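Colleague: I would like the atomic coordinates for the input below:
(one chain, ligands or ions: 1)
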Amino acid sequence: MGGTVLVTGGAGYVGSHVVVALARAGYAPIVLDNFANSSATVLPRLKHLTGAELPLIAADVRDRAALAHTFSTHAIDAVVHCAGLKAVGEGEAQPLAYYDNNVGGSIALAQAMIAAGVNTLIFSSSATVYGQPERNPVPEDAPLRPASVYGRTKRAVELILEDLAAADASWRIGLLRYFNPAGADASGEIGEAPTNVPNNLVPILADVAAGRRPCVDVFGDDYPTADGTGVRDYIHITDLAAGHVAALAHLARQSGVITLNLGIGRGCSVLEVIAAFERACGKPLARRAAPRRPGDIAICCADPARANALLGWRAGLDLDAICADAWRWQVNSGRRA
Ligand code: WQD
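Modeller: So this is what the prediction gives:
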């Protein structure tokens, strides 16, 4: 256990929680971020939470010179690669930017790793690689038909990394398919702080509760689900981050590629999420019925059995914990602003 871990996108939502989880588990994280959708203000808070001075490399993951310099000045044992663009709609409008950042960035990173002799890599993939699942819960060997540019960039990186591991047996690669990460560290010190407008349900509910948005649009009430609204597998960001630490520990014991769903294995509807957020913030949240959002699916829920068995990891925090922690972060960050 332990070692120096480079976290690309380490100032972002997932990356910052991974940094905290790694530090708490005895690793020494290094943050690399270009602040495209995050801010350097998270660094002092990470220092406070972890009690450690965290090296920061303010650079783009496609910047080969910065990567070479990073690997030559730090004795890096492993990389957690979270850096990337992640807005589904934006990806449709700017496909080349998405392929360049997500695929090009991953290639540059893997090349820098090879040059430096580092062979342990965890990649932030997404349940979006499954597209419209044929059945739920979705196991890792379900058909892969990503329905968006964003999803195809994630699948493209998975394929590249699978090919890399097939060509060189020394690679140790974890492809982690996130379902719907939400919530914040229970400290209230870090959370989702996009500099772009949020697209995801829980941050939108936080905006409504904080009075920054008049109401939430419920995208579709006629899906074939119990209450007609979309069902997703919301996984607490702290559980998700712990999954990375568990995967890293596992990769120390097993080479090759492991592909794992990170989810709780239970689905919640939009109306259930709204109700949980109302319990968390203690006020009613205005909502209005809106048409289905293009590209949305009815149900997407993880079968996390492989991650449970292989890693001895399990997501245990429920929707109430997600909403309570998201709201605590919202209140704290509002005070700070
Ligand atoms: C959740 C549910 C919406 C907003 C997306 C990406 C995916 C992944 C995570 C990763 C759905 C409904 C939402 C709103 C609503 N990305 N909703 N009103 O769509 O499952 O997944 O984020 O990097 O790739 O596609 O998450 O949070 O946007 O939506 O009714 O204002 O909430 O229809 O049922 P989604 P989401």
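Colleague: Check the protein for the residue nearest the ligand and tell me.
Modeller: Nearest residue of the chain to the ligand: residue 230, at 2.4 Å (C-beta to the nearest ligand atom). Every C-beta, even on glycine, is put in place using the N, C-alpha and C of the backbone.
Colleague: tell me the contacts of that residue?
Modeller: The contact partners of residue 230, taken as C-beta atoms under 8 Å, 6 or more residues apart in numbering, are 219, 220, 223, 269, 270, 296, 297, 298, 299.
Colleague: Inside strands: which ones of those?
Modeller: Restricting these to those inside strands, with DSSP state E as the criterion, leaves 219, 269, 299.
Colleague: Any idea how many residues pack against the second one?
Modeller: Using other C-beta atoms under 10 Å, residue 269 has 20 other residues around it.
Colleague: Let me see the mean pLDDT of the helix or strand harbouring residue 260.
Modeller: In the assignment (DSSP states H and E), residue 260 maps to strand 256-262. Taken as a whole, strand 256-262 carries a mean pLDDT of 98.
Colleague: mind listing what's buried in that strand?
Modeller: By neighbour count, with 16 or more other C-beta atoms under 10 Å as the criterion, the buried positions of strand 256-262 are 257, 258, 259, 260, 261, 262.
Colleague: hmm, that strand in reach of the ligand?
Modeller: No: under the criterion of C-beta under 6 Å from any ligand atom, strand 256-262 makes no contact with the ligand; the nearest approach is 11.6 Å.
Colleague: Which residues in stretch 151-164 does the neighbour count mark as buried?
Modeller: Buried residues in stretch 151-164 (16+ other C-beta under 10 Å): 151, 152, 153, 154, 155, 156, 157, 158, 161, 162, 164.
Colleague: which one of the ones in strands among the contacts of residue 230 sits closest to residue 278?
Modeller: Using C-beta to C-beta, residue 269 is the member of the ones in strands among the contacts of residue 230 that lies nearest residue 278, at 14.0 Å.
Colleague: Tally up the residues packed near the residue nearest to that closest one when sequence neighbours are not counted, please.
Modeller: Distances taken as C-beta to C-beta, 6 or more residues apart in numbering put residue 229 closest to residue 269, at 4.6 Å, once the chain neighbours are dropped. Per other C-beta under 10 Å, the neighbour tally for residue 229 reads 22.
Colleague: What of residue 309?
Modeller: Residue neighbour count, defined by other C-beta under 10 Å, stands at 10 for residue 309.
Colleague: again with residue 93
Modeller: Look at residue 93: counted by other C-beta under 10 Å, it has 10 neighbours.
Colleague: One more: residue 25?
Modeller: Neighbour count for residue 25, taken as other C-beta under 10 Å: 18.
Colleague: Over to residue 295?
Modeller: Neighbour tally, residue 295, other C-beta under 10 Å: 15.
Colleague: repeat for residue 219
Modeller: 17.
Colleague: The one 5 residues further on now?
Modeller: Summarising burial for residue 224: neighbours were counted as other C-beta under 10 Å, giving 8.
Colleague: how near is the residue nearest to it when sequence neighbours are not counted to residue 125?
Modeller: For residue 224, ignoring the flanking residues on the chain, the nearest one in space by C-beta to C-beta, 6+ apart is residue 298 at 5.7 Å. Counting by C-beta to C-beta, to the nearest Å, the separation of residue 298 from residue 125 is 22 Å.
Colleague: and the strand or helix carrying residue 47, what other elements does it pack with?
Modeller: Assigned by DSSP H and E, residue 47 belongs to helix 42-50. Other helices and strands packing on helix 42-50, by 3 or more C-beta pairs under 8 Å, 6 or more residues apart in numbering; DSSP states H and E, are helix 13-24, strand 27-33.
Colleague: for the ones you listed, which one ends up most surrounded?
Modeller: Per residue and on average, the most neighbours among the helices and strands packed on helix 42-50 fall to helix 13-24, with a mean of 26 (mean count of other C-beta atoms under 10 Å).
Colleague: helices or strands next to that one in the packing?
Modeller: Here helix 13-24 is seen to pack against strand 3-8, strand 27-33, helix 42-50, strand 78-81, helix 237-251 when contacts are counted using 3+ C-beta pairs under 8 Å, 6+ apart.
Colleague: need these in CSV with mean pLDDT, can you?
Modeller: Putting the helices and strands packed on helix 13-24 into CSV (pLDDT from 0 to 100) gives the following:
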stretch, mean pLDDT
strand 3-8, 98
strand 27-33, 98
helix 42-50, 97
strand 78-81, 99
helix 237-251, 98
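Colleague: Let's have those in JSON lines, adding distance to the ligand.
Modeller: JSON lines is the format used below for the helices and strands packed on helix 13-24 (distance: least, C-beta to the nearest ligand atom, whole Å):
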{"stretch": "strand 3-8", "distance to the ligand": "15"}
{"stretch": "strand 27-33", "distance to the ligand": "16"}
{"stretch": "helix 42-50", "distance to the ligand": "18"}
{"stretch": "strand 78-81", "distance to the ligand": "13"}
{"stretch": "helix 237-251", "distance to the ligand": "11"}
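Colleague: So which bits of the protein are right by the ligand?
Modeller: The chain comes close to the ligand at residues 86, 88, 126, 128, 180, 199-201, 204, 216-219, 230, 232, 270, 293, 296, as judged by C-beta under 6 Å from any ligand atom.
Colleague: From those residues, list the buried ones, please.
Modeller: Judged by neighbour count, with buriedness set by 16+ other C-beta under 10 Å, the buried members of the residues of the chain next to the ligand are 86, 88, 126, 128, 180, 200-201, 204, 216, 218-219, 230, 232, 270.
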